[in-house]
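# Sequence and predicted structure, then a few things I'm wondering about:
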Amino acid sequence: MAKNDSKVTDNPKLKQKKLSDGQLSLYLEYYLGYSKVEDKVKIDRRKESLNLYIWATPRTTEERLTNKETLELAKKIRNEREQELREGKLGYRLSKAKNVNFLDYFQTYIDNYTKKDVRMLIIALNRFKDFLSIEYPVFRTSIKPEQLSKDMMLSFVEYLQSRSKGEGAKSIFQRFKKAVSYAVEHDVIMKNPCKGVQCKVDEQILRKDVLSVEEMQQLISTTYTEQNQDVRRAFILCLYAGIRFCDVVELRYGNVDYSNRLLKFEQSKTKGGSSSSGVVVPLNDSLISLIGKPSTEGAKNEKIFNLPSHTMCLKALRRWTARAGIDKHITWHSARHSFAVNILNNGANMKTVASLLGHSGLKHTEKYTRAVDSLKEAAINSLPTLEL
């Protein structure tokens with residue numbers, strides 16, 4: 001089995017292969033981009049044996065010293081080969097990567113992507129294809145990596161901002177840049193066209209529609225025969241606890257501390273990247289009743305809500321709000337915003353709201369304060385005109 005002794009971005013990578021006699025053979029693996037064969041994208045890799053060997057489990061001081069010297073030599077050769085590769089002195093060159101269609105490369109990146117924001121990557125690719133068909137029709141089905149330019153990226157940002165509201169354009173462009181950065185790291189793109197290009201949005205302005213307390217009650221009182229009860233229960237919990245869709249869909253009965261009446265979970269968005277990823281939500285009788293109990297005692301790993309895909313959940317929500325007579329653009333994230341605005345409006349302080357939402361600081365919570373201020377202003381302005 002081969003072992004990688006290089007950094008993720010090294011090209012070539014220094015690897016090890018275990019031999020039958022217990023030693024490890026050192027070799028280099030070159031990444032030479034992608035090639036398209038019969039509508040399939042194929043990764044092009046080459047290996048070079050170094051004819052260098054180390055002990056898999058050195059037992060003596062001499063063996064350990066030999067291993068150290070051999071590895072240092074192998075790393076030196078690897079560094080020299082990388083320089084030669086960049087200068088085009090090797091027999092196989094990086095220019096082969098330029099034959100790939102970036103749209104195919106992006107799709108392959110998505111196919112091998114394992115994180116939860118893959119849906120946003122799909123949207124980013126589709127938006128880029130739409131953009132090309134309008135602004136650069138010659139590239140609508142195929143564009144080479146070197147044909148991506150900074151001017152094109154600036155136009156793409158303008159296009160995203162014309163199509164998406166609020167933070168949507170920024171979020172899509174962030175995912176697009178992830179795919180481009182990956183291509184740069186793997187020498188498919190030699191110069192990052194997104195460098196210096198920003199998709200700005202005022203993060204202190206709450207742009208999504210929110211439900212007032214009255215509208216929440218109006219929605220909850222609306223039921224119908226074919227309504228998905230898990231979607232209904234999950235959205236109500238989001239309204240009363242400020243939970244994101246990506247978190248509510250993963251909630252399990254093991255997250256509920258029934259004795260202390262608490263809901264505890266780690267946010268998917270910040271898990272592993274923030275000390276504030278853990279969230280603790282106090283539960284009242286209504287919320288405990290909404291959550292319920294597992295089908296069998298002790299089934300802590302059982303999901304609380306058996307939800308369909310995000311798309312199906314959104315369609316179900318749209319049907320529900322329409323039947324309730326709510327003429328607003330309500331999404332699952334609107335529940336989180338509604339929760340924050342309503343408890344602030346009822347007197348909760350910003351620090352408490354930030355803690356309930358799992359924010360690491362008050363910066364992201366301030367936009368809700370501004371939304372509350374605008375609601376108060378609207379309430380005052382709704383009074384009859386005062387004539388003196």
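In hand now; what should we look at? Residues are numbered from 1 along each chain as shown.

# all helices of the chain, in order?
61-86, 102-111, 118-135, 150-163, 168-185, 213-220, 229-241, 245-248, 285-291, 310-323, 332-345, 350-357, 366-381 (DSSP state H).

# and the longest one, what other elements does it pack with?
Based on contacts counted as 3 or more CB pairs under 8 Å, 6 or more residues apart in numbering; DSSP states H and E, the elements that helix 61-86 packs against are strand 13-18, strand 23-37, strand 40-55. Where you see a C-beta, it was placed from the backbone N, CA and C, and this is true even at glycine.

# Alpha carbons of stretch 127-136, in PDB - could you do that?
These are the backbone C-alpha positions of stretch 127-136, laid out as PDB (Å, rounded to 0.1, in the frame of the first residue of the first chain):
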ATOM      1  CA  ARG A 127     -24.900  29.800 -12.700                       C
ATOM      2  CA  PHE A 128     -21.600  29.900 -14.400                       C
ATOM      3  CA  LYS A 129     -23.000  28.000 -17.400                       C
ATOM      4  CA  ASP A 130     -25.900  30.400 -17.500                       C
ATOM      5  CA  PHE A 131     -23.600  33.300 -17.400                       C
ATOM      6  CA  LEU A 132     -21.400  32.000 -20.200                       C
ATOM      7  CA  SER A 133     -24.400  31.300 -22.400                       C
ATOM      8  CA  ILE A 134     -25.500  35.000 -22.100                       C
ATOM      9  CA  GLU A 135     -22.200  36.900 -21.800                       C
ATOM     10  CA  TYR A 136     -19.700  34.500 -23.500                       C
END
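
# Can you list the buried residues in it?
Of the residues in stretch 127-136, 127-129, 131-132 count as buried by neighbour count, 16 or more other CB atoms under 10 Å.

# Show me how far it is from its chain's centre.
23 Å (CA atoms, centre = their mean, to the nearest Å).

# Need the contact partners of it.
The set of residues external to stretch 127-136 that reach it, using CB atoms under 8 Å, 6 or more residues apart in numbering, is 103, 106, 139-140, 143, 152, 155-156, 159-160, 163, 172, 176.

# Spatially central, which residue of the chain would that be?
Geometric centre of the chain, nearest residue: residue 117, 3.2 Å, by CA atoms, centre = their mean.

# list the contacts for the residue nearest to it when sequence neighbours are not counted?
Leaving aside its sequence neighbours, residue 117 sits nearest to residue 175 (CB to CB, 6 or more residues apart in numbering; 6.6 Å). By CB under 8 Å, 6+ apart, the contact set of residue 175 is 117, 120-121, 123-124.

# Domains in this protein, by residue range?
When the chain is parsed with automatic domain parsing, its domains come out as 2-93, 101-185, 213-381.

# residues near residue 260, how many?
By other CB atoms under 10 Å, the residues close to residue 260 number 10.

# likewise residue 102?
Other residues near residue 102 number 23, with proximity taken as other CB under 10 Å.

# Hmm, residue 17 is touching residue 28, no?
No - using CB atoms under 8 Å, residue 17 is not in contact with residue 28, being 11.6 Å away.

# And the two? Which one has more around it.
Set residue 17 next to residue 28 and count neighbours by other CB under 10 Å: residue 28 wins out with 22 against 14.

# And that one, how close does it get to residue 52?
Taking CB to CB, to the nearest Å as the measure, residue 28 falls 10 Å from residue 52.
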